[in-house]
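A.B. asks: Here's my sequence, what's the structure:
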Amino acid sequence: MSTSPAGPDTIVLIHGFWGTPRSWEDWRAYYEGRGYTVLTPAYPGLEVEVEALNADPSPLEALTIDAIMAHLTAVVGGLESPPILIGHSAGGTFTQLLLDRGYGAAGVAINSAPTEGVAVVPVSQVRSTFPVLKNPANRHRAVGFTFEQWRYAFTNTFSEERSRELYERYAIPASGAIFWESAFATLKPGKQGTYVDYHNDDRAPLLFISGSDDHLMPPSVQKSNAKHYKSDTITEVVEFEGPHLLPSIDGWEKVADYALEWAVGNARG
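C.D. replies: Got it, this is the predicted structure:
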């Protein structure tokens, strides 16, 4: 049954790398059923379907962090009132960047990739990202995962049947250039594309949601990212059982409910 939302009435769901807005299909329908306007913006050039991007991944090779942020800023900044921002994986990074720039009433980063300065690199993360980072030439390519690689990184607690179903429906290559830039941002001098001001008292509240068994962005990454924030604005971390693809676990509604209730309860007026 549809109801009138209390607080912000719009939710923006931001997808991560190796995926498209299709990965939010269940959450979008769920939140729309609760009366919210839900937007799932694609990265520039990724407005086509998963099958088309797997057949021709060239749009991924042209992506940049600046281009993605310009597009997301236009979407969010064009709304009549600040929305709730929810991002998964790299989408969690873009959620943090948007909050730092003054957008959004509240933000939720699910199994988020880190912002600049977070140097925690767990072993499982090294193994998950090795297919991209093993070859410097991948900086100029769109790099996909085999099913086995994707299952290890995204759905390691799922059955093989369920993992393959999700792989075939959601998985696409990722921009090697952006991934290399993000992975080594902490080692480069000056502010990089994923820089945020950890002392920004004006940003909206932020919640990190971690998956207990996430290989790609383990809980230690979320905890370290959260600890970097030194502002007086609310920053919290919570953990659910599950892998990197937490939005698709059995019982994902509990995660969706928690994210929404936290965001509504802490939303900036």
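A.B. asks: okay, CA-based contacts and neighbour counts for the rest of this
C.D. replies: Noted.
A.B. asks: what distance separates stretch 83-94 from the centre of its chain?
C.D. replies: On the basis of C-alpha atoms, centre = their mean, to the nearest Å, stretch 83-94 sits 4 Å off its chain's mean C-alpha point.
A.B. asks: Give me the buried positions along that stretch.
C.D. replies: Within stretch 83-94, the residues that qualify as buried are 83-94, counting by 16 or more other C-alpha atoms under 10 Å.
A.B. asks: Now, those residues that are in helices?
C.D. replies: Residues from the buried residues of stretch 83-94 lying in helices, with DSSP state H as the criterion: 90-94.
A.B. asks: out of the buried residues of stretch 83-94, who's nearest residue 256?
C.D. replies: residue 86 (9.7 Å; C-alpha to C-alpha).
A.B. asks: The closest one against residue 108, yeah?
C.D. replies: Yes: if you go by C-alpha atoms under 8 Å, residue 86 and residue 108 touch, sitting 4.7 Å apart.
A.B. asks: Now the common contact residues for these two.
C.D. replies: Taking C-alpha atoms under 8 Å, 6 or more residues apart in numbering as the contact rule, residue 86 and residue 108 both touch 92, 95.
A.B. asks: Pull the number of nearby residues for the closest residue in space to residue 245 that isn't next to it in sequence.
C.D. replies: In space, and not counting its chain neighbours, residue 245 is closest to residue 154: 5.2 Å by C-alpha to C-alpha, 6 or more residues apart in numbering. Residue 154: 26 surrounding residues under other C-alpha atoms under 10 Å.
A.B. asks: Return the residues in contact with residue 154.
C.D. replies: Taking C-alpha under 8 Å, 6+ apart, we find residue 154 in contact with 214-216, 243-245.
A.B. asks: out of the residues you listed, who's nearest residue 13?
C.D. replies: residue 245 (14.4 Å).
A.B. asks: Report how many residues lie close to the closest one.
C.D. replies: 24.
A.B. asks: heads up, I number from 46, so please use that
C.D. replies: Got it, the first residue is 46 from now on, which makes the last one we talked about residue 290.
A.B. asks: Make sure it is actually in contact with residue 200.
C.D. replies: Yes: at 6.0 Å, residue 290 counts as touching residue 200 under the criterion of C-alpha under 8 Å.
A.B. asks: quick one on the thing from earlier: widest-spaced pair of the ones in helices among the buried residues of stretch 128-139?
C.D. replies: Farthest pair in these, by C-alpha to C-alpha: 135 and 139, 6.4 Å.
A.B. asks: And the helices in the stretch 46-195 of the chain?
C.D. replies: Counting by DSSP state H, counting those that start in this stretch, the stretch 46-195 of the chain has helices at residues 70-77, 95-100, 103-106, 110-122, 135-145, 168-178, 192-199.
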